[in-house]
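my questions concern the predicted model and sequence given below.
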Amino acid sequence: MRHVTDEERRARLAVRHAIAPGFRVDGPEAATRAVTALHATEPATVFLSCWARVDDLRPADVERALYTDKALVKQLAMRRTLFTFPRDLLPAVWPSASARVAGTERARMAKDLVALGVTDDGHGWLDKACAEVLALLAEHPDGRTAAEIRTAIPMMGVKVAPSATAAWSSSRVLTLLGARADIVRGSNTGTWVSSRPRWTLTANWLGSVPEPLSSADGYRELVGRWLRSFGPGTEDDIVWWLGSTKSAVRAALAALEAVPVSLDGGDTGWLLPDDLAEAPDPGPWVALLPVLDPTTMGWKSRAFYLDGRRDQLFDRNGNAGTTAWVDGRAVGCWTQDASGTVAVQLVEAVSRSARRALDDEAARLTAWAGRRVETVYPSPAVRAATTR
């Protein structure tokens, strides 16, 4: 059995994720493919993740890929998380990860509607609300914002006080329709650091809707893309990332003829059969990554790049804050002052040359962003640095 050391995993990360300077890529689409999909829970993450992987990037380049070329599309998928996917991956995402989220979300919504006294038939209410939203958007091919949808459809404006066990907001109907791939987040009426999408029928936004794969084939494609970007990883890593079951992951690994490899610490990881060669040496490198960046969030087991720093760089819910990297290890975070100036905060010692390189990267990010980027996912290290 081939053995892959932690050092080699860090080298693969640098190369595959396009974050070592010599391996950066030429645009947002390639940056997204490098990590399979970009986290999009916070809109700025998409832009900052691309910035870390593309030289000479402008925010307009990302907006073009999202809203003009539509080569990248935002879609709710794994673990009920919003991602930005390459367009060609949607037929695999829709019947697998997204369908699983849609089924779970619908059941929870129907239960909450009854528990809160909105209706005594949660599924019937949802069917009617979804039909009205789809009819409205069919009349407006350019899409409508959530506020415009609530104004046009009275039942979408229903407001109820949440209870200890149930909550409701009309945005959940849009979330459900998005997970079902009936509608999509179209053009953004906000800035690159804010999200105010015009919800649009998927067919209107994409022009032609590709035929979805089967659920099993969709999972196989997603697992294959993950292995290409993040392998080697364990079965538990893939199950966590995919938000699915062990049986689905094992079936995908078997269909892909994935090869087991041994890892430092004794775990078994997996690689694609044509991807067993050692990664090239990326040389010394540093990077500054945003909250929820795929490189930080891609595995369940993160010891090979965290070295026990999880409690400082992740919040209690498992969300990664900003991170500073040196040679494949997360060694700190970055913060901004009121003017948007970026500063690196270390949680472990690094060499003087690495510190200088991190400071240079901070200056580059300050000039590029040109503003303070707010987040709802500050890690303990970020909190500690900003309250000094």
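Arrived safely, thanks for sending.

in the protein, what residue sits furthest out from the centroid?
In the chain, Asp120 marks the outermost C-alpha relative to the chain mean, sitting 35.9 Å out by Cα atoms, centre = their mean.

isn't it up against Leu113?
No. Counting by Cβ atoms under 8 Å, Asp120 stays clear of Leu113, with 9.0 Å between them. No exception for glycine: its C-beta is placed from N, CA and C like everyone else's.

could you pull out the strands for the stretch 51-200 of the chain?
Using DSSP state E, counting those that start in this stretch, the strands assigned to the stretch 51-200 of the chain run over residues 72-77, 81-86, 183-188, 197-201.

correct me if wrong: Arg225 contacts Asp88.
No. In this structure, Arg225 is not within contact of Asp88 by Cβ under 8 Å, at 10.5 Å.

coming back round to it: any chance of the strands of the stretch 51-200 of the chain in JSON lines, plus mean neighbour count?
Converted to JSON lines, these look like this (neighbours: other Cβ atoms under 10 Å):
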{"stretch": "strand 72-77", "mean neighbour count": "25"}
{"stretch": "strand 81-86", "mean neighbour count": "22"}
{"stretch": "strand 183-188", "mean neighbour count": "23"}
{"stretch": "strand 197-201", "mean neighbour count": "21"}
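
of those, which is nearest Leu276?
Nearest to Leu276 among those is strand 81-86 (24.9 Å), distances taken as Cβ to Cβ.

against which helices or strands is that closest one packed?
Helices and strands touching strand 81-86, by 3 or more Cβ pairs under 8 Å, 6 or more residues apart in numbering; DSSP states H and E, are helix 28-34, strand 38-39, strand 72-77.

how about 6 Å then?
strand 72-77 (3 or more Cβ pairs under 6 Å, 6 or more residues apart in numbering; DSSP states H and E).

contacts for the strand it packs on?
32, 40, 65-66, 82-85, 87, 93, 97-98, 101, 178-179, 185 (Cβ atoms under 6 Å, 6 or more residues apart in numbering).

mean confidence score for it?
The average pLDDT within strand 72-77 is 98.

leaving out the residues flanking it, which one is nearest to Arg310?
With Cβ to Cβ, 6 or more residues apart in numbering as the criterion, Arg310 has its nearest non-adjacent residue at 6.5 Å, and that residue is Arg302.

what's the following helix or strand after the strand or helix carrying Val249?
Element membership of Val249 [criterion: DSSP states H and E] is helix 246-255. Helices and strands here follow DSSP H and E; after helix 246-255, the next one along the chain is strand 259-263.

in its sheet, which strands sit next to the strand ranked longest in the chain, and in what direction?
Scanning the chain for the longest strand, with DSSP state E as the assignment, gives strand 329-336. Paired strands of strand 329-336, with direction, are strand 323-326 (antiparallel), strand 342-346 (antiparallel) (DSSP bridges).
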